[in-house]
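[1] build me a model:
(2 chains)
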Amino acid sequence: MPTTTPARPRAAEGGLRRIAHHTLFWPVVALIALLAANTVYRPSFLSVTVLNGHLFGAPIDILRNSAPLMLVALGMTLVIATRGIDLSVGAVVAISGALSLSFIATSPNPGSLSTVLLAIAIALGVSLVLGVWNGFLVSVVGIQPIIATLILMTAGRGIAMLITEGQITTVTSPPFKTLGAGFWLGLPVATLVAGGVFLLVAFLTRRTALGMLVESVGINPSASRLAGVKARTIVWTVFALSGLFSGLAGLILASNVMAADANNAGLFIELDAILAVVIGGTSLQGGKFSLSGTFVGVLIITTLTLTVTIVGISPLVTPLFKALVVIAVTLLQSPRIRESFAARARQRAARPEEVSA
Amino acid sequence: MTSSETVERPVVEMTGISIEFPGVKALDQVDLRLLPGEVHALMGENGAGKSTLIKALTGVYDIDAGQIRVDGAHHRFSGPGEAQSAGIATVYQEVNLCENLTVAENIMLGNEPRRFGAIDWRATRREAARHLATMGLDIDPSSSLGAHSIAVQQLVAISRAMVVEAKVLILDEPTSSLDADEVAQLFAVVRRLRDEGVAILFVSHFIEQVYEISDRMTVLRNGRRIGEYLTAETDRVELVSTMIGRSMEVLEDLHVTTDRAVQIERGNAPFLQAVGLGRKGSVQPFDLDVYAGEVVGLAGLLGSGRTEVARLLAGADRSDEGSTQIKGLPARLGTPRAAIARGIAFSSEDRKAEGVVGDLTVRENIVLGLQAGRGWMRRLPSRQVDEIVTKYIRALNIRPANPQALLRNLSGGNQQKVLLARWLATAPQLLILDEPTRGIDVGAKAEIQKLVAELAGQGMGVVFISAELEEVLRLSHRIAVMRDREKVAEVVNTEDVGVDDVVDLIASGGKH
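    Numbering: from 1, shown residues only, chains lettered A, B, ... in the order given. Coordinates of the predicted model:
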């Protein structure tokens, strides 16, 4: 946040140490390590080439594959910051994909732009309604977020099944395919969409007072209420946004495969999203959140998935591999472990560094 | 009487203790020694470092420099458990027991007698009963702790500390929510433990209690140790000026009174008028007027309904009967937000749970109320925020004067000032203060009282609640007396009204 900070007394301590104390230090180190490991395995990993006016290469793949998770994790970050959690995002992804593809498949002209735009509007509208439903259960009815969203998590896939009538319909619609597989200005459209939403959320939270109010509600709900914060509206809003963003993610995923799979679309994406948020340094207890942290978290998870394919690790042990990396990152971030590192460093450092404040 | 020559070997010796938090030097080379069989008072303003020093001794905080010796042996505690096994037991300001467990479970938690590896519940209850008996406390060990008063919970907390046969007992503000009888009961227990040779560290803002119970005291100021004194040889005025580091002018401020000579303009409609306002199970219907520029005191014992009245007026609780009018026009105060929009600010007695947003900065905490009123879309311009924050940090003397410090790193008194700043920034016409001076030091207390008098002088209406009747009497133009969740009397505060009169009203319920 760009605020006029008066000179901090600690500013004199070397810049390097401050970087090492930054909450994003270890996640970024983990990301760099992952990229480095891939480069060692395949030296051309980081190279990006231009083909037919589009950029190609593993880094571009990572950015494109990150898009759906990025969208879901953005909504999740805000929800978690208010002390909530949204387990229904995967189900919303499936519903959104099923709705859009079924609409296109049954329309007389699947290839026309207007059909596609209408399909997108319907899917996003329904996703928003689902988010509003979650928000209603949590903020008005007062159900615990984990239970409230569990309802839609289980019911949602059933709804998606009803929409697709249990079929995996393949659809051909070039305009719709652009969303997940197209390029614009040399970059994947999906990446641009996710990037745009990221900037929008960053603007909404840091340029307006939404970020501070969300944090305030997450840190101390009753104090916030007494201070006049519309806690209910804020909680409601973040759940609605989470639904909307998940819907958008569902569209991108559906457009990637051009087939609505009610069972597998967005399966376990809620877990990846929660992981990305936590790796990014936002506490599950709510309060302070970091969008850039979530960004790094998403990149780590997508890079991991790609690494598994590149290095040729059997898909059977992929979850285990993922778990190991996640454990490493979260351990490095844990305050207790950091403190013990810091204590060790302090003991090693020369004693007479007393500076009168 | 103990003389300074014949000291035994201290049980606890802390030397050169320093602790630093981001942006705050909490302790700077502080020494403290505790002698067996003595009550040692730790004195100082809020933010002087008392709580931090206690947390250093109990292993909650890691010390940055210095040494801790218990019974002559060096210790470096890395957790409360280690301090406890070294014989240091603590009873904190907020009772930290489990309300949903029974008294016996609380007392014996972690030390339950076992039989064949499983907890022997009968022996647990018997042991607990024995410990309660030594405290002179006659309650059922198998009753749920939450069913008892704070005073009883406090004594249970001490029983729990004594289960481990502590050599050192730390009492951090144990009396802040007790009445006189309960304090006497607590002190009887403290004296018994002292006579058994336990070293007791006592922290309290009540100077009379410190003189009543302590043998020796250490004074801290701004994170430094000022000195160690024998209580019997130290004069009260001397002690207070040592604590606040400023001499007589501040002490005179302690006698701030509102200007009662100023006639409150009662011709117009009152700023706020409550008629038959009530809430079932909370407070009986009551009438109350607050005029602009008037301080209305609410007097009554803990649980008398004084807080409930404040909450209804501030929209923190919803009333289920009666009505409110602002400047003669009907106004519904259903939510805090609605009340704030009407110019009513409410500072809750529960600072921690209902005021402080600890992980936000001082700056964010100060503007929270103002920003909330504007809604999230219209963010206050940064420059305006800076102006407001600088103004209040200076006006209320908030320390440290660092707007970017996290509020949770500030001392209780300074947190209270930040909360006052939050409310004043919303430019209220009525300020409702529920126990604004509880648990904060003399200096900050005088500052807050002075502020209340000034604000009223500028035409703000104030509803002032305090357990200290002297304070209520000094500041109020009118006093509403509460008893058993009912408003029983209202008196105009003149020179003739004294503490005894208000006590009489509370005792008699206004009926003679």
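[2] burial measure for residue 104, as a count.
    Going with chain A. Using other CB atoms under 10 Å in any protein chain shown, A:Ile104 is surrounded by 26 other residues. Glycine gets a C-beta too; all of them are placed from N, C-alpha and C.
[3] can you look at chain B instead?
    Neighbours of B:Ala104 using other CB under 10 Å come to 24.
[4] then the one 10 residues further on?
    Burial of B:Arg114, expressed as a neighbour count using other CB under 10 Å, amounts to 11.
[5] residues in contact with it?
    Residues in contact with B:Arg114 (CB atoms under 8 Å, 6 or more residues apart in numbering or on different chains) are B:Asp120.
[6] and the stretch 101-250 of chain A, which residues reach chain B?
    With CB under 8 Å from any CB of the partner chain as the criterion, the stretch 101-250 of chain A meets chain B at residues A:207-210, A:212-213, A:215-216, A:219-220, A:222-230, A:234.
[7] check which helix or strand covers B:Ile432.
    Using DSSP states H and E, the secondary-structure element containing B:Ile432 is strand B:430-434.
[8] in its sheet, which strands sit next to that strand, and in what direction?
    Its sheet considered, strand B:430-434 pairs with strand B:344-347 (parallel), strand B:461-465 (parallel) by DSSP bridges.
[9] just the mean pLDDT for it, thanks.
    Average pLDDT, strand B:430-434: 95.
[10] ok, and what's touching it?
    If you take CB under 8 Å, 6+ apart as the criterion, strand B:430-434 is touched by B:271-272, B:290, B:306-307, B:310, B:313-314, B:343-349, B:423-424, B:452, B:455, B:460-465.
[11] now the strands for the stretch 1-150 of chain A?
    Listed from the start of the chain, the stretch 1-150 of chain A has strands (DSSP state E, counting those that start in this stretch) covering A:49-51, A:54-56.
[12] which of the residues in the last one are buried?
    The one in question is strand A:54-56. Applying a neighbour-count criterion of 16 or more other CB atoms under 10 Å in any protein chain shown, the buried positions in strand A:54-56 are A:Leu55.
[13] that one pairs with which strands, and in what direction?
    Here strand A:54-56 has these sheet partners by DSSP bridges: strand A:49-51 (antiparallel).
[14] contact partners of the strand it pairs with?
    Counting contacts by CB under 8 Å, 6+ apart, the residues touching strand A:49-51 from outside are A:55-57, A:186.
[15] distance from the chain centre to that strand, please.
    On the basis of CA atoms, centre = their mean, to the nearest Å, strand A:49-51 sits 28 Å off its chain's mean C-alpha point.
[16] could you give the mean pLDDT of it?
    pLDDT averaged over strand A:49-51 equals 83, rounded to a whole number.
[17] repeat for stretch B:212-228
    Mean pLDDT, computed over stretch B:212-228, is 91.
[18] contacting residues around that stretch?
    Outside stretch B:212-228, the residues within contact range by CB under 8 Å, 6+ apart are B:2, B:25-33, B:35, B:38-45, B:47-50, B:52-53, B:187, B:190-191, B:202, B:210, B:229-232, B:234, B:239, B:242-245.
[19] can you select the buried ones among those for me in ChimeraX?
    The following ChimeraX line selects those of the contacts of stretch B:212-228 that are buried, judged by 16+ other CB under 10 Å:
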select /B:25,26,27,28,30,32,33,35,38,39,40,41,42,43,44,45,47,48,49,50,52,53,187,190,202,210,229,231,234,239,242,243,244
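[20] just the contacts of stretch B:212-228: which are in helices?
    Applying DSSP state H to those, the entries found in helices are B:50, B:52-53, B:187, B:190-191, B:210, B:239, B:242-244.
[21] please enumerate the helices of the stretch 51-200 of chain A.
    A:58-81, A:89-106, A:113-135, A:145-164, A:174-181, A:189-206 (DSSP state H, counting those that start in this stretch).
[22] ugh, wrong one, the stretch 251-357 of chain A
    Shown for the stretch 251-357 of chain A, the helices assigned by DSSP H, counting those that start in this stretch span residues A:269-279, A:291-311, A:318-333, A:335-348.
[23] just these: most buried one?
    Mean neighbour counts were taken over those using mean count of other CB atoms under 10 Å in any protein chain shown, and the top value, a mean of 25, falls to helix A:269-279.
[24] counting contacts, what elements does that helix pack onto?
    Secondary-structure packing of helix A:269-279 (3 or more CB pairs under 8 Å, 6 or more residues apart in numbering or on different chains; DSSP states H and E): helix A:58-81, helix A:89-106, helix A:291-311, helix A:318-333.
[25] distance between the third one and the chain's centre?
    Taking CA atoms, centre = their mean, one finds the center of helix A:291-311 at 11 Å from the center of the full chain.
[26] assign the most centrally placed residue in chain B to helix, strand or coil.
    By CA atoms, centre = their mean, the mean C-alpha position of chain B lies nearest to B:Gly439, the distance being 2.6 Å. Applying DSSP: H, G, I helix; E, B strand; the rest coil to B:Gly439 yields a three-state assignment of coil.
[27] what's it in contact with, if anything?
    Contacts for B:Gly439 (CB under 8 Å, 6+ apart) come out as B:93, B:173, B:176, B:205, B:412.
[28] state the distance from it to A:Gly293.
    B:Gly439 sits 37 Å away from A:Gly293 when distances are taken as CB to CB, to the nearest Å.
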